[in-house]
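Chemist: okay, sequence plus prediction incoming.
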Amino acid sequence: MTDTKPLFFGLYEQACVGNGSGAVSLWTHPDDRRLGALDLRYWIDLARRAEEAEFDLFFFGDVLGMYDTLGGGPATALEWGVELPAHDPLLHIPALAAVTERIAFGATVSTTYEHPFAHARRFSTLDHLTAGRIAWNIVTSYLPGAAANFGLDVLAHDSRYDRADEFLEVVYDLWERSWDDDAYVGSRELRRFADPSKVLRVDHEGAHFRVAGPHVSPPSPQRTPYLIQAGWSPRGREFAARHAELIFVGDSDPQAIREGLSGIRARAAELGRDPEQIRAVVGMNPVLAPTRIEVQQKLDAYQSHYNADAQLAAYAGWSGIDFAAYADDEPIVKQSTNHTQTKETRSDAPPLTAGDVRGRFASVTAFADDRFIGTPDEVAANIEEFVEESGVDGFLLHQYLSPGSLDDFSTLLAPRLRERGLFGGRPSEGTLRSRLRTDGADRLGADHPAGARRR
């Protein structure tokens, strides 16, 4: 591999017991500790382990409703704790930041059901409290139950992005334009907190929001939190090209990833952005053991505590298709939903029967890539090859067992990656943005729509 450099690694989590990323029912395994997720001590332990493992990011996914598509109700989700409880990850982060020094924190917050003024206030607070170790994963929300919880109907897929574009315009004004860099004085001698002449209203009036301002927080270390985005649809890629600094790639084929990232970066350049500042990570569900026999033993143990219906309930919620309404030999009707785009909703994907879908979810490795299942030497070699083929900058680790999967990565795989120059040695001081940008800057430049708002 040419130009080998340390990869970026994050731990993917949700503030729940039934983590939906391939391990939704494995909290029943005797070695899993997820039932402790209602206790702060569980999260403190996990954050410390991630930092000791030299991970760069502790990433929280999030949902705002129950998975009630399968069977027309939430029974399966409730029985198996599918992404439940849906606790607020923003309340976890200050506590975890207080017991760590280096690792950064990413939180998923929807532009569909939040208000930009309240959102800007929360993230400025977090950026101050973490000394710039905060990232925002921008999502637009797709669950009908989440919309109903806010007294709304689900917005059409692309309309959600239109709202998100305006949402970002407002928060950029609050974070970047409302306060000058030297507006905050904080002087006892001068008896002055801030210079009023350097703090401005934003007076935004748009199709979705009216916000007067000014922002109620002085500029934080990053001003705008580090921006993550996970949409991989055509509209999602356009949004990423305009706004994202780190893309959570929604694909597993390395060539498709390389082509997708190339298109996003090319579009970013057309919009006047520096494409070199756009990073990308992909999810991985590793299963590691010293020998192939031990790997298979782990898989067998996982399978014995796996429930296919529970995982299918999560997938039904993502796709918007009630697979329980189909017989095994019945083709899934191609349909455009306002959920995420899956093989059953994309018109360019081959047709599938309900039996095909159920067969896929019969295995605990439904979301796993075989390249990341094996001995440490095998997986390290596969990671190196995958990075070279795809062009990604790193991975988000999804755990089958918590904290066992993280510990396996740290003790078994990390040393092999380190030997290849793929792990360790990344910047560990300063803001998250400064560690990832080529110029080491804490704040976005004028080529980004946020930096362009700054006076």
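Modeler: The structure has been received and is ready for your questions.
Chemist: going forward, measure contacts between C-alpha atoms and count neighbours the same way
Modeler: Fine.
Chemist: list the contacts for residue 27?
Modeler: For residue 27, the contacting residues are 17, 18, 33, 34, 35, 401, by CA atoms under 8 Å, 6 or more residues apart in numbering.
Chemist: same check, this time on residue 299
Modeler: So residue 299 contacts 287, 364 (CA under 8 Å, 6+ apart).
Chemist: quick check: next helix or strand after the helix or strand hosting it?
Modeler: Using DSSP states H and E, residue 299 maps to helix 292-304. Note on helix 292-304: by DSSP H and E, the next helix or strand toward the C-terminus is helix 308-319.
Chemist: before we move on, back to that, most neighbours, which of the contacts of residue 27?
Modeler: residue 18 (28 neighbours; other CA atoms under 10 Å).
Chemist: so what's it bridging to?
Modeler: residue 82 (DSSP bridges).
Chemist: I figured it hits residue 24, correct?
Modeler: Yes: counting by CA atoms under 8 Å, residue 18 sits close enough to residue 24 to count as a contact (4.4 Å).
Chemist: overlap in contacts, those two.
Modeler: Joint contacts of residue 18 and residue 24 (CA under 8 Å, 6+ apart) are 80, 81, 82, 83.
Chemist: who are the packing partners of the one helix or strand residue 382 maps to?
Modeler: Using DSSP H and E, residue 382 sits within helix 376-390. Secondary-structure packing of helix 376-390 (3 or more CA pairs under 8 Å, 6 or more residues apart in numbering; DSSP states H and E): helix 254-270, helix 414-419.
Chemist: can you pull the buried residues of the lowest-mean-pLDDT helix or strand in the chain?
Modeler: When each helix and strand of the chain is scored by mean pLDDT, DSSP states H and E, helix 144-149 comes last, with a mean of 88. For helix 144-149, burial by neighbour count (16 or more other CA atoms under 10 Å) applies to 144, 145, 146, 147.
Chemist: show me the strands in the chain, by range?
Modeler: Using DSSP state E, the strands of the chain run over residues 8-14, 57-61, 104-110, 134-139, 184-187, 192-194, 204-205, 210-211, 226-229, 246-249, 279-284, 287-288, 373-374, 394-397.
Chemist: tell me how far the fourth one lies from the chain's centre.
Modeler: Going back to what we said before, that points to strand 134-139. Relative to the chain's own centre, strand 134-139 is displaced by 7 Å; criterion: CA atoms, centre = their mean, to the nearest Å.
Chemist: what ranges of the stretch 1-150 of the chain fall below the confidence cut-off?
Modeler: 1-3, 22 (pLDDT under 70).
Chemist: and if we set it to 80?
Modeler: The stretch 1-150 of the chain contains residues with pLDDT under 80 at 1-4, 20-22, 142.
Chemist: which residues in it form helices?
Modeler: All helices of the stretch 1-150 of the chain, identified by DSSP state H, counting those that start in this stretch, fall at 40-52, 75-80, 93-98, 116-129, 144-149.
Chemist: contact partners for the closest residue to residue 401 other than its chain neighbours?
Modeler: Ranked by CA to CA, 6 or more residues apart in numbering and with sequence neighbours excluded, the top spatial neighbour of residue 401 is residue 32, at 5.1 Å. Under the criterion of CA under 8 Å, 6+ apart, the neighbours of residue 32 are 26, 401, 402, 403, 404.
Chemist: filter those down to the buried ones, ChimeraX style.
Modeler: To isolate the buried subset of the contacts of residue 32 in ChimeraX, counting by 16+ other CA under 10 Å, use the following:
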select :26,401,402,403
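Chemist: sorry, back to before: and the least confident helix or strand of the chain, C-alpha only, in PDB?
Modeler: The C-alpha coordinates for helix 144-149 follow below in PDB (Å, rounded to 0.1, in the frame of the first residue of the first chain):
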ATOM      1  CA  PRO A 144     -43.200   7.900  10.800                       C
ATOM      2  CA  GLY A 145     -43.500   7.300  14.500                       C
ATOM      3  CA  ALA A 146     -40.900  10.000  15.100                       C
ATOM      4  CA  ALA A 147     -42.900  12.400  13.000                       C
ATOM      5  CA  ALA A 148     -46.100  11.500  14.900                       C
ATOM      6  CA  ASN A 149     -44.300  12.200  18.200                       C
END
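Chemist: which residues touch it?
Modeler: By CA under 8 Å, 6+ apart, helix 144-149 touches 63, 64, 65, 66, 67, 68, 113, 153, 154.
Chemist: select from those the one having the most neighbours.
Modeler: residue 67 (30 neighbours).
Chemist: excluding chain neighbours, what is closest to that residue?
Modeler: residue 317 (5.2 Å).
Chemist: any idea of the pLDDT on that neighbour?
Modeler: Predicted confidence (pLDDT) at residue 317: the value is 90.
Chemist: cool, residue 342 as well?
Modeler: For residue 342, the predicted pLDDT is 49.
Chemist: swap in the one 5 residues further on?
Modeler: We note a pLDDT of 56 for residue 347 in this prediction.
Chemist: residue 336 now?
Modeler: At residue 336, pLDDT is 59.
Chemist: nearest to residue 96 among the buried residues of helix 144-149?
Modeler: Nearest to residue 96, judged by CA to CA, of those is residue 146 at 26.9 Å.
Chemist: what's the separation between that closest one and residue 19?
Modeler: 18 Å (CA to CA, to the nearest Å).
Chemist: and residue 237, by the same measure?
Modeler: For residue 237, the distance to residue 19 - CA to CA - is 26 Å.
Chemist: picking that back up, check which residues of the helix holding residue 299 are buried.
Modeler: Buried, per 16+ other CA under 10 Å, within helix 292-304: 295, 296, 299, 302, 303.
Chemist: quick one: it to helix 376-390, angle?
Modeler: Put simply, helix 292-304 runs at 80 degrees to helix 376-390, going by axes from the mean of the first three to the mean of the last three CA atoms, to 10 degrees.
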